[in-house]
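*Asks:* the following block contains a protein sequence and its predicted model.
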Amino acid sequence: MGIAIGVGVTIGIIMLLLLVLVGIYNGLVQARNRVDNGWSQIDVQLKRRHDLIPNLVETAKGYMKHEADTFKSITEARSKALGANNIKDASAAEGQLGAALSQFLLTVENYPDLKANQNFLSLQEELSSTENKISFSRQNYNDQVLGYNNKTDMFPSNIVAGMFNFTKRDFFEIENKEEREAPKVQF
Amino acid sequence: MWELINANKRNSIILMLTLAFVLLGLGYLIGFAFAPQVAWMGMVVAAIIWAVMALVSFLSGDKILLSASRAKPVTKEVHPMLFNVVEEMSIAAGLAKMPRIYIINDAAPNAFATGRTPESASVAVTAGLLARLNRDELQGVMAHEISHIIHRDILYVTVAGIMLGTIVMLSHVFLRGMFYSSLGGSRRYSSRNNNGQAQLIMMGVALLAAILTPILAQLLYFALSRKREYLADAGAVRLTRYPEGLASALEKIANDPSPQLSVANKATAPMYIANPFKRKGQKRLANLSSTHPPIEERVKILRAMSGASYVDYSRAFTQATKQPTVLPVSCHQDQAAITTRQAYAETTTSSQSPLSEPLQKTGDIIRKVNGFAFLECDCGLKLKIPPNFKSHKVQCPRCRQTLDIVK
């Protein structure tokens, strides 16, 4: 009788531990999926930015004859960003591209003819919105990475994370300081 | 964040249960007042009415509310900036799907969100709001609405609104019934014996209950919905990282001179970002029964924020109102410092601009929603062609030039 109770209690405790383990594991997987999802969202927006640039350059070129340098730095940064294949490289290249684009949007202020072009105006709205979308998706991604990394650090989920090889993720950070501030766009 | 949503869900369930008990109690009392032998029938009838309304509101509450507000679904061409701003905020909030967008043809600036789940949500804004706000302000307002969506406020407001409506309706029917039966002068049960006397007392109690419960239920509902407005403000700042955007949008909404929103009613009022009913000179009463906290207070809190996290909002709340924070404890685990960002758009000086400008813009947005074509003649005159205009050509009234209508 006593043995039976002992066995029952032991099995109960083991079951309970297993349940807790499964719960923590699922929580980790969920957090990791949110991180991946956040990253793919950034990817979508970056691709949109890359697709917008040729169109924008084409429209603006006719009006901005003396700004060859600006266009060159944009196209160069774009091809560098297209070639990047890990998060750190991509962060750096996209930061550069962002800086080049905000420089471009500032120069546009000197060309009233261009600013009056209906086609350019809608492109400009798309571009500045894409820039916002990139920074908001980055904000969301970093939030999710923070939550996930905290889970891999904190007890007791860090034990489960170690057992099943949940590694930490990198933040999407921007290298140069000016880029941290959102591009100023005037409407 | 998830703790906040869970706390919100729990509060919603508690409120719903309380309202359900109030409803059943009211049904019982009314049943007792009319026929004491079968008082439980009153409860059954109340429960059936409630079940039908709850089912309808759950399945198509958002569509009912949107069409009651005469909101029209719009495409990106009508207002690209609105679409972009909503998409930006959906991304910041990590929503799987962007909410559907509606425009209400009204000059009063206001906005609301509705829907059952975050995936099937809708947001609606008035044309007046679009005409008055700059990009940062519109972003603040949309972030506030998206916060309502991720906090699961939208389902709660829809269903609780319907439940409240049922209570009001039941007591209304009862009071009307009493009025007409007293007019007829006939009483179904004699008051000669003890039973009749007890019934008379119960009648009085039921009468009192029928008058008081809708008021009490409404007060309860409003107290919770005000808290939700603060929470949505805090969530909005966390999404935009820019408290000033929402603050100046709220200020513009509060100081707007246009008449109050004509499509809002008592049941839909709690959905809007700002109370659609303007009551001046009734401040104390308004504080007790209003669905929304006073706008000046919300602006004061937002302007007192030093960062963009929930902790910063709590601190600013205590500083501005001298009251303990309304945010649930779970929000204070959000310790990571979040800094605010700079403005995107230049702060517009539309408060100094003539009144006619936003009015004209409002008119243009309303016409665009309704499918008007816009033409600009070479002489500089702008023509607005209604969608039912049959001909493909129109003559400019100023320079007599014939123009082609392209849609």
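*Replies:* Arrived safely.

*Asks:* can you tell me how far the residue lying closest to residue A:73 once chain neighbours are set aside sits from chain B?
*Replies:* Excluding the flanking residues, the one nearest residue A:73 by CB to CB, 6 or more residues apart in numbering or on different chains is residue A:100, at 4.6 Å. (Each C-beta comes from the backbone N, C-alpha and C, glycine too.) Going from residue A:100 to chain B by CB to the nearest CB, to the nearest Å gives 18 Å.

*Asks:* check the contact between residue A:100 and residue A:79; I expect there is one.
*Replies:* No. Using CB atoms under 8 Å, residue A:100 is not in contact with residue A:79; the gap is 11.9 Å.

*Asks:* quick one: low-confidence ranges for the stretch 101-250 of chain B?
*Replies:* B:179-199, B:217-224 (pLDDT under 70).

*Asks:* what does it put close to chain A?
*Replies:* Contact residues, the stretch 101-250 of chain B versus chain A (CB under 8 Å from any CB of the partner chain): B:134-135, B:239, B:241.

*Asks:* surely the residue nearest to residue A:73 is within a helix?
*Replies:* Yes. Under DSSP: H, G, I helix; E, B strand; the rest coil, residue A:100 sits within a helix.

*Asks:* which helix runs longest in chain A?
*Replies:* In chain A, taking DSSP state H as the definition, the longest helix is helix A:2-61.

*Asks:* and the next helix or strand past it?
*Replies:* helix A:68-83 (DSSP states H and E).

*Asks:* quick one: contacts of that following helix?
*Replies:* With CB atoms under 8 Å, 6 or more residues apart in numbering or on different chains as the test, helix A:68-83 has contacts from A:46, A:50, A:53, A:57, A:60-61, A:64, A:90, A:93-94, A:96-97, A:99-101, A:103-104, A:107.

*Asks:* mind checking the end-to-end distance for stretch A:59-69?
*Replies:* Terminal residues of stretch A:59-69 lie 16 Å apart, using CA to CA, to the nearest Å.

*Asks:* of residue A:100 and residue A:79, who's got more company?
*Replies:* residue A:100 (20 against 12; other CB atoms under 10 Å in any protein chain shown).

*Asks:* excluding chain neighbours, what is closest to the residue positioned nearest the centre of chain A?
*Replies:* The centre of chain A sits closest to residue A:138, judged by CA atoms, centre = their mean, with a distance of 3.4 Å. Residue nearest to residue A:138 in three dimensions, not counting chain neighbours: residue A:172, with 4.9 Å by CB to CB, 6+ apart.

*Asks:* does that neighbour count as helix, strand or coil?
*Replies:* coil.

*Asks:* quick one, phi/psi of it?
*Replies:* phi -90, psi 100 (degrees, to the nearest 10).

*Asks:* same deal with residue B:374?
*Replies:* Torsion angles, degrees, to the nearest 10, at residue B:374: phi -110, psi 130.

*Asks:* is it true that it touches residue B:386?
*Replies:* No. Using CB under 8 Å as the test, residue B:374 is too far from residue B:386 to be in contact (11.4 Å).

*Asks:* list the contacts for residue A:31?
*Replies:* A:144, A:147-148, A:151.

*Asks:* let's see 6 Å
*Replies:* A:147-148, A:151 (CB atoms under 6 Å, 6 or more residues apart in numbering or on different chains).

*Asks:* nearest residue to residue B:92 in space, please, no chain neighbours.
*Replies:* Using CB to CB, 6+ apart, the closest residue to residue B:92 is residue A:136 (3.8 Å).

*Asks:* please identify the helix or strand for that neighbour.
*Replies:* helix A:118-153.

*Asks:* which helices and strands sit right next to the helix or strand just after that helix?
*Replies:* For helix A:118-153, the following helix or strand on the C-terminal side (DSSP H and E) is helix A:157-163. In terms of contacts (3 or more CB pairs under 6 Å, 6 or more residues apart in numbering or on different chains; DSSP states H and E), helix A:157-163 is packed against helix A:2-61, helix A:118-153.

*Asks:* run the chain-centre distance for helix A:157-163.
*Replies:* Relative to the centre of its chain, helix A:157-163 is centred 26 Å away, using CA atoms, centre = their mean, to the nearest Å.

*Asks:* repeat that for stretch A:100-118.
*Replies:* Counting by CA atoms, centre = their mean, stretch A:100-118 comes out at 27 Å from the chain centroid.

*Asks:* what's the neighbour count on residue B:374?
*Replies:* 14.

*Asks:* residue A:28 versus that one, what's the distance?
*Replies:* 54 Å (CB to CB, to the nearest Å).

*Asks:* which residues of the stretch 51-200 of chain B fall in helices?
*Replies:* Using DSSP state H, counting those that start in this stretch, the helices of the stretch 51-200 of chain B run over B:80-93, B:127-132, B:135-150, B:153-184, B:194-240.

*Asks:* can I get these in TSV including mean neighbour count and distance to residue B:249?
*Replies:* Output for the helices of the stretch 51-200 of chain B, formatted as TSV (neighbours: other CB atoms under 10 Å in any protein chain shown; distance: least, CB to CB, whole Å):
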stretch	mean neighbour count	distance to residue B:249
helix B:80-93	23	12
helix B:127-132	25	8
helix B:135-150	26	4
helix B:153-184	18	19
helix B:194-240	19	10
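
*Asks:* neighbours of residue B:253, how many?
*Replies:* 25.

*Asks:* for the spatially most central residue of chain B, which non-adjacent residue is closest in space?
*Replies:* Centroid check for chain B by CA atoms, centre = their mean gives residue B:271 as the closest residue, at 1.5 Å. Nearest residue to residue B:271 in three dimensions, chain neighbours excluded: residue B:112, at 4.0 Å (CB to CB, 6+ apart).

*Asks:* the one you found pairs with what?
*Replies:* Beta-bridge pairing of residue B:112 under DSSP bridges involves residue B:124, residue B:272.

*Asks:* OK, contacts around it?
*Replies:* By CB under 6 Å, 6+ apart, the neighbours of residue B:112 are B:124, B:271-272.

*Asks:* looking at these, which one is closest to chain A?
*Replies:* Of all the contacts of residue B:112, residue B:124 has the smallest distance to chain A: 20.7 Å, by CB to the nearest CB.

*Asks:* go ahead and confirm the closest one touches residue B:73.
*Replies:* No. The pair residue B:124 and residue B:73 fails to qualify as a contact (CB atoms under 6 Å) at a distance of 9.4 Å.

*Asks:* hey, what's in contact with both of those two?
*Replies:* residue B:102.

*Asks:* and the two? which has more neighbours close in?
*Replies:* In this comparison of residue B:124 against residue B:73, neighbours counted by other CB under 10 Å, the higher total goes to residue B:124 at 29 against 13.

*Asks:* next, give phi and psi for the nearest residue to residue B:374 once chain neighbours are set aside.
*Replies:* What sits nearest to residue B:374 in space, not counting adjacent residues and going by CB to CB, 6+ apart, is residue B:384, at 6.1 Å. Here is the backbone geometry of residue B:384 (degrees, to the nearest 10): phi -120, psi 120.

*Asks:* same question for residue B:76.
*Replies:* The phi/psi pair for residue B:76 (degrees, to the nearest 10) is phi -60, psi -30.

*Asks:* near the residue nearest to residue B:163 when sequence neighbours are not counted, how many other residues are there?
*Replies:* With sequence-adjacent residues excluded and distances taken as CB to CB, 6+ apart, residue B:163 is closest to residue B:19, at 4.9 Å. Using other CB under 10 Å, residue B:19 has 21 other residues around it.

*Asks:* part of a strand, is residue B:19?
*Replies:* No. Counting by three-state DSSP, residue B:19 is not part of a strand but helix.
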